[in-house]
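Visitor: sequence plus predicted model, see below.
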Amino acid sequence: MFAPTVPARTSESDGHMPQMPARAAALATLGTESFDLVIIGGGITGAGVAREAALAGWRVALIERDDFASGTSSRSSRLVHGGVRYLEHGHLSLVFESSRERRLLLSLAPHLVRPLAFTWPVYRGARVPLWKVRAGLTLYDALALFRNVHGHSALRPDGVLAIEPALERSGLVGGARYWDAATDDARLTLASALAAREAGAVVVNHATVVAGLHGTPGSRLEGVRVVDRLTSAQIEVRAPLIVNATGPWSDATAALTGAASGTQLLGSAGAHLSVPRHRVGNNDAITIVSPLDGRVMFVLPAGAHTIIGTTEHPARSGPDEIRATELDVQYLLRSVNMLFPNANLTPDDVIAAWAGIRPLAAARAGEHSANTASREHAIARRSDGLLSVTGGKLTTYRAMAADVFAAAQREYRSTGGASPVTRLRTERSDHAVLPGGSFQSRETLMDEIRQVVHDPAVVERLALAYGSRWPSVWAFATRDAALAHRIVDDLPYLTAEVAHAVEREMACTLSDILIRRTHIAFETRDHGRATARRIAPLVATLLGWTDSEQAQRLAEYDADVARLFAVDPV
Ligand code: FAD
């Protein structure tokens, strides 16, 4: 049990206000100042728009109902990728744009977005034959202007097996190796929200937009009404322009702020599961074509685990209830078992299974299937000025944000106003490094961390999650030795990350810490329930919870993990 007397709470002396006063100050600012732009929804889309507009000097408020990335943005395949799958459907412009954004993010957030090698084994009779894989990957390289980390290379069967010896040998006719990038979706979203805050935006999580504010019925939106979920306080936030970036909730958000938005959301559900990596035996990432139905899917390395995904079918539940189903689990396990002869995975091997809803824009004529609908985004303008954005991908979020911001500027001009700039020094989102991204190379960064941190897995974790800002985490461990240990023995998270999450990263709940600031809930069979009980006294000290509040927060954590990780019996 951690001693709840931890003096880890940072004081104003190091320039940072503790979390709760800082949050109260942000909420007070929301209610007293007026803004150029309010963004509803702190997924990757909303965080990206907030960063874009704040970097351009606008006065911005970003309001998130739950936590940053608590929706789809923490349920992705965690890839920043050109999208090989989209080649088949002819979405070449999307692959082109995604490849450019992949290149940019590799340099703007080199800690959070890092090259990942994929092997694509091809078997006799596969739906996607060898020539098509190789031709497709040549096109993939071309659409990246041959500026991907490395070009693809063709592999003979023995070349495939040299890289991934656990794969089925029988029927293997060859394959290819190509490159994309891996990310931490929740931390990429958080980094964008923090970047927006550092550029001057007021950024608040656990605050719900419950209504739009109109001077008279039918007139332009003048702001939104917000309820702080931690205190139930109501706040009116004033701005002439509102962006609805609530992903799979966007139709509901449009309805509560006025009339329907005019977007057509095609909710496409996708499930993933994680199993112990040694059971699958993959070394790197592997692109497989499921022998069951010919769908392209991924087997992805994630520390000691392998993530398998994804499925794709029209969402049958709403975004608040979406979970993996037994059918999803069976399909993913059977697909992998057919290609990894020693895996023999059963549902008992599943550490976690989860699902999310892709908020696809279905506005293009004839696109009614989730499998083929484009990941391109759509921006719809309502007559009272609400801009709703749907579609897109984690990978393209910066480009999408730039488009939304351009639409916001047009909206200002159309109302006769000049585009507001409230700061003199502005920055471009394709040049501004994300928080933690200022370092020479991962190798030199890891060397630097190794000087003081002696646990190799923790060194890697600090480098990849916090980049150049790792000293800000380590500072908590040096102030209090109790924070210098791992949270869970076999996972590389440092207890100092708990304090850092609260004091520096706006974490307000146990779920914020165990599901999104770290991935402990995804990586433990009890989804972090035992860990929640161990860290609760520390978090209670940091956030000033009473004993009964601590018990309530633990019950809320249990409810959250049941909501996310239970497998639906369908
Ligand atoms: P969300 O992340 O859902 O954010 C919407 C936010 O709005 C939520 O946080 C919600 O709490 C908030 N909200 C809702 N109502 C309100 C309200 N009233 N007030 C305030 N806030 C509110 N893309 C990739 O590039 N790479 C991948 O590997 C990849 N894999 C994927 C795999 C799957 C299975 C899925 C489902 C998607 C994948 N994607 C991937 C796509 C990508 O994850 C999504 O496009 C992206 O996360 C959508 O982000 P968003 O911000 O639009 O929506």
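Guide: Nice, I can see it.
Visitor: residue 566 reaches residue 321, doesn't it?
Guide: No: Residue 566 lies out of contact with residue 321 (Cβ atoms under 8 Å); the separation is 10.1 Å. The C-beta positions use only the backbone N, C-alpha and C, and glycine is treated the same way.
Visitor: check which helix or strand covers residue 116.
Guide: strand 113-123 (DSSP states H and E).
Visitor: what sits up against the helix or strand following that strand?
Guide: Later in the chain than strand 113-123, the nearest helix or strand by DSSP H and E is helix 130-143. Defining contact as Cβ atoms under 8 Å, 6 or more residues apart in numbering, one finds that helix 130-143 is touched by 82, 84, 87-88, 92, 95-96, 99, 120, 122, 128, 148, 151-152, 154, 173-176, 178.
Visitor: switch the cut-off to 6 Å
Guide: With contacts defined as Cβ atoms under 6 Å, 6 or more residues apart in numbering, helix 130-143 is touched by 82, 84, 87, 95-96, 99, 120, 122, 151-152, 154, 173-174, 176, 178.
Visitor: before we move on, what about stretch 417-435?
Guide: So stretch 417-435 is in contact with 36, 52, 55-59, 104, 108-109, 191, 194-195, 398, 409, 412, going by Cβ under 6 Å, 6+ apart.
Visitor: just among these, which is most surrounded?
Guide: residue 52 (32 neighbours; other Cβ atoms under 10 Å).
Visitor: so that residue sits against residue 405, correct?
Guide: Yes: here residue 52 lies in contact with residue 405, judged by Cβ atoms under 6 Å, at a distance of 4.5 Å.
Visitor: what pLDDT does whichever residue of the stretch 451-570 of the chain sits closest to the ligand get?
Guide: Across the stretch 451-570 of the chain, no residue is closer to the ligand than residue 516, which sits at 10.2 Å (Cβ to the nearest ligand atom). pLDDT for residue 516: 98.
Visitor: ok, it - contacts?
Guide: Per Cβ under 6 Å, 6+ apart, neighbours of residue 516: 67, 69, 74, 186.
Visitor: who touches the third one in this structure?
Guide: Right, residue 74. Residue 74 touches 185-186, 516, counting by Cβ under 6 Å, 6+ apart.
Visitor: include secondary structure when you put those into TSV, please.
Guide: Output for those, formatted as TSV (DSSP: H, G, I helix; E, B strand; the rest coil):
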residue	secondary structure
185	helix
186	helix
516	helix
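Visitor: in CSV: those residues, plus distance to residue 466.
Guide: Shown next, in CSV, are the contacts of residue 74 (distance: Cβ to Cβ, whole Å):
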residue, distance to residue 466
185, 16
186, 14
516, 14
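Visitor: hmm, back to that, between the strand holding residue 116 and helix 130-143, how big is the angle?
Guide: 160 degrees (axes from the mean of the first three to the mean of the last three Cα atoms, to 10 degrees).
Visitor: does strand 113-123 come close to the ligand?
Guide: No: using Cβ under 6 Å from any ligand atom, strand 113-123 never reaches the ligand; the gap is at least 10.6 Å.
Visitor: for that strand, enumerate its sheet partners and note whether each is parallel or antiparallel.
Guide: If you go by DSSP bridges, strand 113-123 pairs up with strand 172-183 (antiparallel), strand 285-289 (parallel).
Visitor: if we can go back for a sec, out of the contacts of stretch 417-435, which two sit at the greatest distance?
Guide: 109 and 412 (29.5 Å; Cβ to Cβ).
Visitor: how about the residues of the stretch 201-350 of the chain that lie near the ligand?
Guide: Counting by Cβ under 6 Å from any ligand atom, the residues of the stretch 201-350 of the chain that sit close to the ligand are 208-209, 245-249, 253, 270, 310.
Visitor: mind listing the strands for the stretch 301-450 of the chain?
Guide: For the stretch 301-450 of the chain, the strands defined by DSSP state E, counting those that start in this stretch occupy 305-309, 313-314, 352-361, 378-381, 387-390.
Visitor: quick check: mean pLDDT across the second one?
Guide: What strand 313-314 shows for mean pLDDT is 90.
Visitor: quick one: that strand to chain centroid distance?
Guide: Taking Cα atoms, centre = their mean, to the nearest Å, one finds strand 313-314 lying 21 Å from the centre of the chain it belongs to.
Visitor: what does the fourth one give?
Guide: Centroid displacement of strand 378-381 relative to its chain, using Cα atoms, centre = their mean, is 22 Å.
Visitor: repeat for the third one
Guide: On the basis of Cα atoms, centre = their mean, strand 352-361 is displaced by 11 Å from the centre of the chain it belongs to.
Visitor: is the ligand contacted by that strand?
Guide: Yes: Strand 352-361 lies within reach of the ligand by Cβ under 6 Å from any ligand atom, at 356-359.
Visitor: make a PyMOL selection of the buried ones in these.
Guide: Selection of buried members from the residues of strand 352-361 next to the ligand for PyMOL, criterion 16 or more other Cβ atoms under 10 Å:
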select buried, resi 356+357+358+359
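Visitor: and the residues of strand 352-361 next to the ligand as CSV, adding pLDDT and distance to residue 539?
Guide: Shown next, in CSV, are the residues of strand 352-361 next to the ligand (pLDDT from 0 to 100; distance: Cβ to Cβ, whole Å):
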residue, pLDDT, distance to residue 539
356, 97, 26
357, 95, 29
358, 91, 32
359, 88, 31
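Visitor: nearest to residue 547, of the residues of strand 352-361 next to the ligand?
Guide: Closest to residue 547, out of all of the residues of strand 352-361 next to the ligand and judged by Cβ to Cβ, is residue 356, at 34.8 Å.
Visitor: nearest spatial neighbour of the closest one, chain-adjacent residues omitted?
Guide: Distance criterion Cβ to Cβ, 6 or more residues apart in numbering; nearest residue to residue 356, sequence neighbours excluded, is residue 75 at 2.7 Å.
Visitor: now do the one you found against the ligand, distance only.
Guide: Residue 75 sits at a distance of 5 Å from the ligand (criterion: Cβ to the nearest ligand atom, to the nearest Å).
Visitor: does that residue touch residue 357 like I think?
Guide: No: with contact defined as Cβ under 6 Å, residue 75 does not reach residue 357; the gap is 8.1 Å.
Visitor: contact partners for residue 194?
Guide: Counting by Cβ under 6 Å, 6+ apart, residue 194 has contacts residue 435.
Visitor: give me the pLDDT for it.
Guide: pLDDT, residue 194: 98.
Visitor: what's the answer for residue 383, then?
Guide: 88.
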